[in-house]
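A.B. asks: one predicted model, sequence on top.
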Amino acid sequence: MDSSLVQAFVPSPSLSKITAPSVVARMAPLDFDAMDAISNTLMTAVDTSDPNYIPGTSGEVTYSKASYYVILGLYLTSFPGLWSTIKRSTKAKVKRKTFVSPGANVTDGQNLREQAGEIMAYMKANNYEVVDAGETITFKGIVQRSISQACFLVFCSFVGLASLALVLQIQFNTLVLPLIGEPNWYYLCLLSPYAGVYYWKQGDREDEFSIKLEANDDETENSISVLGSEEEMERMWRALDWQEKGMVKVPGLLDSA
């Protein structure tokens, strides 16, 4: 065999000397100073004084400003409803409704005198007094202040003011006031307890009820026309087992049980 062919397959001495540490040693170290310089350059490219700048973003406005102002206008228009809710809490929501009950010629029914006696007993049990007992019976009573109602008004006010503060914080994020600096709109939430104070200072509420009784010609049905607080009216017709005129009473699952 030719000796030149055998020598062609002998490993080169120069390749056998390459080791892993020598390869790693040739890698250039990371230049952290250069990376910081690039990062600072990118950050300074964003103009944070721009009114349209959004903190935590690249500064580009990605939402429709027209939609934003429409939503802002709708919110500011509906916000006075919070004050309306606080004011209405001190007054009764008066409604007029007509109910029916079985008359004297129906099994387990009542004539008008018995019906009137039942109504008077119910109203007196709820601290109402008769002020007029003519064709229309008029009652007056005192509704005491409720701690739970006051707490509910404080909670609603807190949520409403927090929402308003969020809107103002977005809209006026670059506003600077004299002697104050940049305002923190969330301090508006500190006004929420005054809703409960306002409700409590109004004192107990005086309610008035007017009830008129009528019977049909066959005395099979009594008609009860009620004018008064919707809340108290709701309790009354359920307690006395009346039915609203023109409505069909559907028994619930618990009633059938």
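C.D. replies: Right, received. Where do you want to start?
A.B. asks: flag the shaky bits of the stretch 1-150 of the chain, pLDDT-wise.
C.D. replies: Along the stretch 1-150 of the chain, the model assigns pLDDT under 70 to residues 1-64.
A.B. asks: the nearest residue to residue 188 once chain neighbours are set aside and residue 93, how far apart?
C.D. replies: Nearest non-adjacent residue to residue 188, counting by Cβ to Cβ, 6 or more residues apart in numbering: residue 161, 4.6 Å away. Yep, even glycine has a C-beta here, placed from its N, CA and C like the rest. Taking Cβ to Cβ, to the nearest Å as the criterion, residue 161 is separated from residue 93 by 24 Å.
A.B. asks: sorry, back to before: quick one: the residue nearest to residue 188 and residue 191 touch, right?
C.D. replies: Yes: between residue 161 and residue 191 there is a contact at 6.2 Å, judged by Cβ atoms under 8 Å.
A.B. asks: quick one, which of the two is more surrounded?
C.D. replies: residue 161 (21 against 11; other Cβ atoms under 10 Å).
A.B. asks: need the contact list for the more buried one.
C.D. replies: 188-189, 191-192 (Cβ atoms under 8 Å, 6 or more residues apart in numbering).
A.B. asks: from residue 132, how far off is it?
C.D. replies: In terms of Cβ to Cβ, residue 161 sits 44 Å off from residue 132.
A.B. asks: want to throw the contacts of residue 161 into a markdown table with secondary structure and pLDDT?
C.D. replies: Shown next, in a markdown table, are these (DSSP: H, G, I helix; E, B strand; the rest coil; pLDDT from 0 to 100):
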| residue | secondary structure | pLDDT |
| --- | --- | --- |
| 188 | helix | 89 |
| 189 | helix | 91 |
| 191 | helix | 92 |
| 192 | coil | 92 |
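A.B. asks: which one of these is nearest to residue 137?
C.D. replies: If you rank those by distance to residue 137 using Cβ to Cβ, residue 192 comes first, at 41.7 Å.
A.B. asks: tell me the spacing between that closest one and residue 96.
C.D. replies: From residue 192 across to residue 96, the span is 35 Å (Cβ to Cβ).
A.B. asks: who has more neighbours, these two?
C.D. replies: Using other Cβ under 10 Å, the more surrounded residue of residue 192 and residue 96 is residue 192, with 18 against 11.
A.B. asks: report the contact partners of the more buried one.
C.D. replies: 154-155, 157-158, 161.
A.B. asks: thanks again, I'm all set now.
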